[in-house]
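# Need a 3D model of the following:
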Amino acid sequence: MVSAVGNRALLLMDVQVPLIERLGSPELLDALQRAASGARAAGIPVIYARLAFRPGYPEVSLNNRIFAGVAGSGGYLDGEQSTALHPDLAPHDGDIVVNKKRVSAFAGSDLDLVLRGREITAVTLAGIATSGVVLSTYTEAADRDLAITVLRDGCADGDAELHEALLDRYFPRMGDVAQVEDWIASV
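Now for the predicted structure:
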């Protein structure tokens with residue numbers, strides 16, 4: 001089931017080159033391309049959330065295990081190849097790109113301002129990883145009273161069992177889970 005509420009936006013999250021190379025597949029890329037094309041055709045904004053830090057990583061605490069490791073490796077600096085969106089998913093004119101500083105697409109980005117500025121009340125989530133950015137953004141979107149749909153075939157994770165548990169048991173508790181084709185048909 002897909003919610004039919006308010007103004008919508010499609011969020012494509014962490015679809016950066018290194019993450020697609022590590023966890024993506026041709027099927028995932030195809031699903032994300034179809035979702036983005038369907039959203040654009042329906043006049044739904046496509047918003048990309050990507051991880052990108054400033055030189056010197058002033059946003060990263062040594063207490064944060066995930067991002068202290070990223071800072072230590074020297075990756076994900078804004079403007080470097082690791083922050084580039086996968087070329088098969090390149091933004092089109094009118095698409096929006098926000099830079100995030102943590103797992104959630106809301107953390108350290110201006111995503112909330114973009115959604116409020118466009119009076120968005122419903123978000124559709126897709127990206128890598130299901131147990132990372134999708135879960136974290138899903139939870140925060142629910143706390144912000146947004147209607148949520150997660151695209152089942154638009155997500156990937158390194159842990160197949162956790163991926164399926166989230167899609168089958170957790171996400172349906174506060175939102176909808178849909179195949180890309182069903183979501184496109186509903187918009």
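
# What segments of this protein are strands?
For the chain, the strands defined by DSSP state E cover 7-13, 46-51, 96-100, 120-128, 147-156, 176-178.

# Could you give me the buried positions within the helix or strand bottoming out on mean pLDDT in the chain?
Within the chain, confidence by mean pLDDT, DSSP states H and E is lowest for helix 65-73 among all helices and strands, at a mean of 89. Neighbour counts using 16 or more other Cβ atoms under 10 Å place 67, 70, 71 of helix 65-73 among the buried residues. The way it works is simple: take the backbone N, C-alpha and C, and place the C-beta from them, glycine included.

# got it, and stretch 145-155?
Using 16+ other Cβ under 10 Å as the burial criterion, the residues of stretch 145-155 that qualify are 146, 147, 148, 149, 150, 151, 152, 153, 154, 155.

# Same question for stretch 180-187.
By 16+ other Cβ under 10 Å, the buried positions in stretch 180-187 come out as 180, 182, 183, 184, 186, 187.

# wait, isn't residue 59 in contact with residue 101?
Yes - between residue 59 and residue 101 a contact is recorded at 4.6 Å, counting by Cβ atoms under 8 Å.

# neighbour-wise, which of the two wins?
Neighbours per residue, other Cβ atoms under 10 Å: of residue 59 and residue 101, the larger number sits with residue 101, 19 against 16.

# ok so, going back, what residues are shared contacts of residue 59 and residue 101?
Listed as contacting both residue 59 and residue 101 by Cβ atoms under 8 Å, 6 or more residues apart in numbering are 53, 67, 108.

# can you list the buried residues of stretch 145-155 in a markdown table and add distance to residue 31 and pLDDT?
Output for these, formatted as a markdown table (distance: Cβ to Cβ, whole Å; pLDDT from 0 to 100):
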| residue | distance to residue 31 | pLDDT |
| --- | --- | --- |
| 146 | 22 | 97 |
| 147 | 21 | 97 |
| 148 | 18 | 98 |
| 149 | 14 | 98 |
| 150 | 12 | 98 |
| 151 | 7 | 98 |
| 152 | 9 | 98 |
| 153 | 4 | 98 |
| 154 | 5 | 98 |
| 155 | 9 | 98 |
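
# Could you list the buried residues of stretch 50-59?
For stretch 50-59, a neighbour-count test (16+ other Cβ under 10 Å) marks 50, 51, 52, 53, 57, 59 as buried.

# start to end distance for that stretch?
Using Cα to Cα, to the nearest Å, one end of stretch 50-59 lies 15 Å from the other.

# Quick one: mean pLDDT over that stretch.
Across stretch 50-59, the average pLDDT comes to 94.

# Perfect, I'm done here.
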